[in-house]
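Colleague: Fold the following.
(2 chains)
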Protein chains: 2
Amino acid sequence: MRRSLIMSRRDLDFLLYEWLDTETLPSRARYADHDRETFDALLDLSERLATDVFAPLNRLVDTDEPRVGDDGKVVLPAEVDKALSAYTESGLPTSVFDADLGGMQLPFVVHSACSTWFQAACVGVFAYPFLAEGNASLLVAHGTPEQVQTYAAPVIAGRWYGTMALSEPQAGSSLGDITTRAVRQDDGSYRLTGTKMWISGGDHELGENIVHLVLARIPGAPAGTRGISLFIVPKHLVAPDGTLGERNDVALVGLNHKMGYRGTTNTLLNLGEGTFTPGGEPGAVGHLVGEEGKGLNAMFHMMNQARVSVGAGAMALGYTGYLHALQYAEERTQGRPLADRDPASPPVRLVEHADVRRMLLAQKSYVEGALALVLYCARLVDEAATADSPDDRATADTLLGMLTPIAKSWPSQWCLAANDLAIQVHGGYGYTRDHPVEQFYRDNRLNPIHEGTHGIQALDLLGRKVLMDGGQGLALLTDRMRATTRRALEIGGEAAAYAGELDGRIDDLLMVTAALWQEGDPEQALSNATVYLEAAGHLVVAWLWLEQVLAAGDSTGEFYEGKRAAARYFFRFELPTIGPKLDLLASLDRTTLDLDPGWL
Amino acid sequence: MRRSLIMSRRDLDFLLYEWLDTETLPSRARYADHDRETFDALLDLSERLATDVFAPLNRLVDTDEPRVGDDGKVVLPAEVDKALSAYTESGLPTSVFDADLGGMQLPFVVHSACSTWFQAACVGVFAYPFLAEGNASLLVAHGTPEQVQTYAAPVIAGRWYGTMALSEPQAGSSLGDITTRAVRQDDGSYRLTGTKMWISGGDHELGENIVHLVLARIPGAPAGTRGISLFIVPKHLVAPDGTLGERNDVALVGLNHKMGYRGTTNTLLNLGEGTFTPGGEPGAVGHLVGEEGKGLNAMFHMMNQARVSVGAGAMALGYTGYLHALQYAEERTQGRPLADRDPASPPVRLVEHADVRRMLLAQKSYVEGALALVLYCARLVDEAATADSPDDRATADTLLGMLTPIAKSWPSQWCLAANDLAIQVHGGYGYTRDHPVEQFYRDNRLNPIHEGTHGIQALDLLGRKVLMDGGQGLALLTDRMRATTRRALEIGGEAAAYAGELDGRIDDLLMVTAALWQEGDPEQALSNATVYLEAAGHLVVAWLWLEQVLAAGDSTGEFYEGKRAAARYFFRFELPTIGPKLDLLASLDRTTLDLDPGWL
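Modeller: Model (predicted):
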């Protein structure tokens, strides 16, 4: 059978079943209706749908970019609607939700594995159901029962879509500076006015309605993030019986024209500027979610899940790029081996050249490492929700919080690097639009930006997560790593050698962390936070490569040899690169702090 | 005065006059008609023309990509022709050529500095005169006087354009496998048949004619590169008096549709397939340049110059990206300082944030380091041509050969990285086509591919240049570096500290080089050649940063402080990254060699 160029089912099976013990999850009450057979059926379904319906769309949504029609409505290729309808009909939008909301109660880790197929096949179109799911999840966690019934249920059913509307033209990374106003009305609803920027899926004609989750300030609220509240602002007003009413005043101002990721509309929206006047009154109608001033807390529910999923999307683009590069390298012939350059001999396959192997192994180590990372995080979501003891649930939640900035940033950086290498393996062909790798590269470049930039993830890791609960998160994470290295040291051989290296680097990271925060000066401690994020990311992925080596055990065959080869590459070529980073951090370098901007 | 967003004249002046002693060149006979005044006038002219005529075209040639019209002719925006006419009228195409060919006899280093303005303003359009110049240079060096008069003179005058036609669909990196045939005719001319791929500027309606320099095999020639000859194949045949005759059989099959660099047509050409029948006979008419079987040697004349210029183009894209990012960071406000996060205080400029400064300093260190590298190489071209003694000329030539793979690959890698950071500084805005940085990033991605891929440069450095003349080139290069570190050690302070580090790394590189070649096994030695190339590249650029620090001396003011800050960044953040690379090489790692492709 021809190997899929989208994702590797073999790798997913290995990680789910040979590593993450996914088969044991149905012993928990929430997943009792499932077994490996249902998991596998959904993985099969996802592969089929992604392959047959989503992948064929991927170039089309790039060339036939969203535009605003004469009637002011967003025009997308008709195939997008068809693909999303097929996704809805498959029932997959309901995967992770409760049975009483029509959901499957599927473990999040299995759902995440299924989603990788769609992310790899057509990330731009899959963004709509992905955003919808996050949106509904937030309401399920923070909304009233009525809000869940009215606004989340239709999204879960796949009839409506949803957004998160945080940024404004003047406030991207700095959410505390948003100025959208929400004024309370006598009936308990609010009227919102303001402008929201970068809203993905912010307008389109897919589904029947769009539920915007909007951050805004209520007059008199304190400055900064503590004054931000969260509101449901539907595109069309919804009657208590669920029927759609008139148009709310959420008006499309324009579409952003991006380098890639064009399948997803990205919008500038005006709220309450008078384009529509719902109920004859000015302002966009909104409904408070949770308490006033707690909007950002609630939004972080969605954001955290979104961040891991952004990492998963970056991984998926890297993964499909790797599979394409591998196929190309196996088919294309060029040149001779360095040891025997007889020009009369036939040229060899690209994959015979050491440098091409290096580029392929690098990609493999990045994308399979990233897949392990995002599935590990997804498994933690299940642990946090369903582990037997409250302690285990809290531990999983803390670990997940620690890993979230890494799960978002590491694949965004290194699976983009994988896409860069996939182009390079293709040579000139890879630079043309006749091959898909250039689009993967353009699409993936978004990921270090949205849902919190690379630098914001760094501040989150070193400025918040590392400090939280007296450093408990970092201790938990390094304890987990040490548990792995102990097992590896007992086994001996190559795994033990990796464990020894990893132990040394863990010591270094802890020492550096302490040194950075010794003075308690955030400016000094965080000045090179990005360097810290990148070092910690490589350390975590090296750990997960050791985990994979241990999961492979003594198994023989090409698949397991491939796991060992990629681990070898990562430990020899990649992990050592964090040495100079940790040295720099340990030196408390002040190059950037002491810089006068006039010198630039 | 508003700072240019294209290039920095201040930096060019610093490198040309405060570092590379360009003012002394007019003491040499070839440049006797020049002085600093004429150099400056040409730099002024280049800045003006690039700013007023080329930069406004840059987005247009991206969105209005070359296409084939109904008449089979290439359609470009009319503005391209106007811009190139203005370039021709300026006289700049004649810059480096001999006076008796109508040339200015300008030092190559000054010409290179002038060209950076056009490369940064609109690299895709500047590729036409850039290719033409290389083409004419090759003929001047290797053609007969008649060939120079007939085919080079009109190119030098800017009336015709030129290409180099090496690659074929099945032979890109492996030129020895080209199959285009050239059969000698009774009149001494040849008839060519075959297909050429990736030919930049391979067809268009600019100028009156296109001189293709085509690699082909004469029947009976040995296999491999030793059987390759070089031919002039004009688009339109040329009569002895220089008038244009009928159409030669060089037929456009199609245009390649690229991710970026769209201003330059990139073509698939058929030679002698019968689209035209010049003189009523089949085959494209060609004229042998130099001796049979020596075609690749002659072509490398053009290729080497082209490789340094590719590095210069990559640098220029990185440089303009940096200037755009800097301006954005100086104007855009967002967030608060980490030491004082009062949300009621006004937001600060991006450039106040340490992480943004890191991204800007990184870009500055890459692009100014790359500019120093390409101008240093350009200066070596002048030395090789005009230094007083034959020894000095030979030394310059050897050094230039050593540095060429680095001058091509290092800017292609790191100035692309600079473009990546320029996008990141812009945040979401940088990902949209409303800002130019995304195009710089797409345009620059070509540079690690064309004119010899990154991996090919690595083989050239470690497999050829390092070995040539018993290792004389590497010895020369490291001697030059040691001369710099000796001066720095005498001065003391920060420069001496850098020198100490550099000396240690030079030792490491020499040790690693010897270890790699100890067994004389090319497969082992070259298996990680790319890692070697990248380590050597960072070492060379660190050396050039120390050179710049020494050139800055005790001078005060923002410009010089900026040089020192960028050097500090490079020595603290960048140079140490070569440590793990050299360690890996020293270990004679066999990860890629021992890989079974089935494991991928």
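Colleague: Which strand in chain A has the most residues?
Modeller: strand A:190-200 (DSSP state E).
Colleague: Mind listing what's buried along that strand?
Modeller: By neighbour count with 16 or more other CB atoms under 10 Å in any protein chain shown, strand A:190-200 contains the buried residues A:190-200. All C-beta spots, glycine's among them, are computed from the backbone N, C-alpha and C.
Colleague: pLDDT-wise, which helix or strand of chain A ranks last?
Modeller: When each helix and strand of chain A is scored by mean pLDDT, DSSP states H and E, helix A:295-331 comes last, with a mean of 93.
Colleague: Just want the most central residue of chain A.
Modeller: By CA atoms, centre = their mean, chain A has its centre lying nearest to A:Val310, at 1.8 Å.
Colleague: Name the nearest residue to it, sequence neighbours excluded.
Modeller: Among residues not flanking A:Val310 along the chain, A:Glu451 sits closest, at 4.7 Å (CB to CB, 6 or more residues apart in numbering or on different chains).
Colleague: Also A:Cys415?
Modeller: A:Gly318 (2.7 Å).
Colleague: do stretch A:342-355 and chain B meet?
Modeller: Yes - using CB under 8 Å from any CB of the partner chain, we find that stretch A:342-355 touches chain B at A:343-344, A:347, A:349, A:351-355.
Colleague: you'd agree A:Met484 is up against A:Trp543?
Modeller: I think there's a mix-up here, since residue A:484 is Thr and not Met. Yes - between A:Thr484 and A:Trp543 there is a contact under CB atoms under 8 Å: 6.0 Å.
Colleague: In terms of neighbours, single out the busier of the two.
Modeller: A:Trp543 (27 against 21; other CB atoms under 10 Å in any protein chain shown).
Colleague: After the helix or strand harbouring that one, which helix or strand is next?
Modeller: A:Trp543 belongs to helix A:529-552 when assigned by DSSP states H and E. Using DSSP H and E, the helix or strand that follows helix A:529-552 in sequence is helix A:558-569.
Colleague: For that next one, which outside residues touch it?
Modeller: A:10, A:14, A:358, A:361-362, A:364-365, A:368-369, A:494, A:498, A:545-546, A:548-549, A:552, B:591-592, B:595-596, B:598-600 (CB atoms under 8 Å, 6 or more residues apart in numbering or on different chains).
Colleague: Give the next helix or strand downstream of that helix.
Modeller: Following helix A:558-569 in sequence, per DSSP H and E, is helix A:578-586.
Colleague: Report the angle between that next one and helix B:578-586.
Modeller: 160 degrees (axes from the mean of the first three to the mean of the last three CA atoms, to 10 degrees).
Colleague: Buried residues in helix A:578-586, which are they?
Modeller: A:578-585.
Colleague: Tell me if I'm right that A:Phe14 and A:Gly553 touch.
Modeller: No - the criterion here is CB under 8 Å, and A:Phe14 misses it with A:Gly553 at 11.4 Å.
Colleague: Settle it for me: which of those two has more neighbours?
Modeller: A:Phe14 (22 against 11).
Colleague: what's the distance between the more buried one and A:Tyr560?
Modeller: 9 Å (CB to CB, to the nearest Å).
Colleague: Find the residues that touch each one of the two.
Modeller: With CB under 8 Å, 6+ apart as the test, A:Phe14 and A:Tyr560 both reach A:Ala552.
Colleague: Cool, thanks, talk later.
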